[in-house]
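Peer 1: Compute the structure for the input listed below.
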Amino acid sequence: MNRRNRTIVALAAFLVVVSVGIGTAIAVTLFYHHMPAVSVGQTMTPNCDPPTANPATVTIGSSGQITFLCSSASAITVAGSSITVKPIFLDGGFRAPYTSLWIFHAGGGVTGNCSTRTGAVQLQNNTFMTLATGDYNYCAEYVDVGTAGLRSFVCRWEA
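Peer 2: Numbers count the residues shown, from 1 in each chain. The predicted structure is shown next:
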């Protein structure tokens, strides 16, 4: 290719690049649409932390149930619509002498076996469940309490 042809090819390539650049540069923005944030229709709210244990003490060697609730409200409120969540037991998990952890409708009975309380649902670690709207308290069952009593534990909720 001679010098003249190379110059023509280089000029043509330059003109193509410039024309594409100018076409892009002269585009006019007509408007923007800013989409709003959209909140969720349901909420799950703790009403106190930590909840209060009822009864406040247990006897060595005893077995039974203990309720965890807030002094002036339920432990948990689900509002808006049902919500799918999972409990995760932290701090070494939910362990002996506890045997099971439940939530139940706060407006129902608070005595007797956890499983027989109004709307009782057993919590399974790291397993999704759906809760209807309402107020809930916790119930834990335990067996053969040792000298250390009932250990503290943490239940984290995730959606």
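
Peer 1: so who does residue 122 touch?
Peer 2: Neighbouring residues of residue 122 by C-beta atoms under 8 Å, 6 or more residues apart in numbering: 100, 101, 102, 114, 115. Bear in mind the C-beta positions are built from the backbone N, C-alpha and C, glycine included.

Peer 1: My guess is the fourth one contacts residue 99. True?
Peer 2: No: Residue 114 is not in contact with residue 99 according to C-beta atoms under 8 Å; the separation is 9.6 Å.

Peer 1: More neighbours: these two, which one.
Peer 2: A direct count of neighbours by other C-beta atoms under 10 Å for residue 114 and residue 99 places residue 114 higher, at 22 against 14.

Peer 1: Just the pLDDT for residue 142.
Peer 2: The model reports residue 142 with a pLDDT of 97.

Peer 1: can I assume it is in contact with residue 66?
Peer 2: Yes: Residue 142 lies in contact with residue 66 (C-beta under 8 Å); the separation is 6.7 Å.

Peer 1: Need the three-state assignment for residue 126.
Peer 2: Following DSSP: H, G, I helix; E, B strand; the rest coil, residue 126 is assigned to coil.

Peer 1: Low-confidence ranges, the chain, go.
Peer 2: 1, 4, 9-10, 12-13, 15-26 (pLDDT under 70).

Peer 1: Strands of that one, residue ranges please.
Peer 2: Secondary structure of the chain (DSSP state E): strands at 43-46, 52-54, 64-69, 76-79, 83-90, 98-105, 121-122, 129-131, 134-142, 154-158.
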